[in-house]
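Student: Sharing a model that was predicted from the sequence below.
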Amino acid sequence: MLDRSNETCDQIEQARKDFIHELSQNMHLYGISDSVGRLYGTVLFADHPMTLDEMSQSLGMSKTSMSTGIRVLMEANMVEKAWQKGVRKDLYQPVDDWYKSFSTAFVKRWRTSVINNLQAVHQMRDTLQRMQQEQDISDDSIRSDSLITDLEKLQHAENYYNWLAEVTEIFESGKIFDLIPKK
């Protein structure tokens with residue numbers, strides 16, 4: 001009976017390791033490294049809130065790496081501090097709301113992308129419009145056509161990034177869950 005129990009525990013542990021491996025491989029979608037993904041999986045499947053020392057021992061990584069990784073996971077709303085009576089060290093546990101974690105991670109990345117790309121659109125538009133004003137149209141109609149075409153492409157890009165800003169706002173405000181409820 002004991003062998004069967006040990007075998008079951010081993011199978012559960014292997015299933016966890018397999019899941020954590022897949023999870024860590026896909027964490028780049030959140031802007032999170034594989035090693036921090038493994039840390040998240042370790043905290044997720046722990047049967048109690050963990051200290052940095054326990055994480056370090058479990059993953060065979062330095063406590064400094066665990067501290068840095070936990071900070072990344074906290075910023076993504078994937079882990080939170082926990083409290084236990086009589087425990088003086090910081091404890092960490094997974095956040096139950098994966099939807100919020102997803103939203104936080106993607107909003108941060110999308111917002112950065114929108115800001116950077118809109119800035120690039122505006123800079124290029126300013127440059128092209130300045131060139132257009134300085135150019136004598138009779139000088140080079142091919143160049144004038146290129147400027148007009150590029151300005152039209154920039155307008156299309158600006159429309160897209162403004163739309164993405166609206167999508168980001170829907171996620172950030174939580175309105176997305178009115179449209180697509182949490183399961």
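Tutor: It's in.
Student: Break the protein down into its structural domains.
Tutor: As recorded under automatic domain parsing, the domains making up the chain are 2-96, 99-179.
Student: From one end of the last one to the other, what's the distance?
Tutor: Translated: domain 99-179. Start-to-end span of domain 99-179 (CA to CA, to the nearest Å) is 13 Å.
Student: The longest helix along the chain: what's the following helix or strand?
Tutor: When the chain is scanned for its longest helix (criterion: DSSP state H), the result is helix 98-134. Past helix 98-134, heading to the C-terminal end, the next element that is a helix or strand (DSSP states H and E) is helix 141-173.
Student: what mean pLDDT does that following helix have?
Tutor: Helix 141-173 comes out with an average pLDDT of 91.
Student: from the chain's centre, how far out does that helix sit?
Tutor: A distance of 24 Å separates the centroid of the chain from that of helix 141-173, by CA atoms, centre = their mean, to the nearest Å.
Student: same thing with stretch 172-180?
Tutor: Taking CA atoms, centre = their mean, one finds stretch 172-180 lying 18 Å from the centre of the chain it belongs to.
Student: So which residues make contact with that stretch?
Tutor: Contacts made with stretch 172-180 from outside it, assessed by CB atoms under 8 Å, 6 or more residues apart in numbering, are listed as 99, 103, 107, 169-170. Every residue, glycine included, has its C-beta placed from N, CA and C.
Student: Could you work out the end-to-end span of it for me?
Tutor: As for stretch 172-180, its first-to-last residue distance stands at 14 Å under the measure CA to CA.
Student: Please give me every residue in contact with the residue nearest to the spatial centre of the chain.
Tutor: By CA atoms, centre = their mean, the mean C-alpha position of the chain lies nearest to residue 30, the distance being 2.6 Å. Residues in contact with residue 30 (CB under 8 Å, 6+ apart) are 76, 101-102, 105-106.
Student: at 7 Å what do you get?
Tutor: Listed by CB atoms under 7 Å, 6 or more residues apart in numbering, the contact partners of residue 30 are 76, 105.
Student: what about it, distance to residue 46?
Tutor: Using CB to CB, to the nearest Å, we find residue 30 at a distance of 20 Å from residue 46.
Student: Check which helix or strand residue 81 maps to.
Tutor: With secondary structure defined by DSSP H and E, residue 81 is part of strand 79-82.
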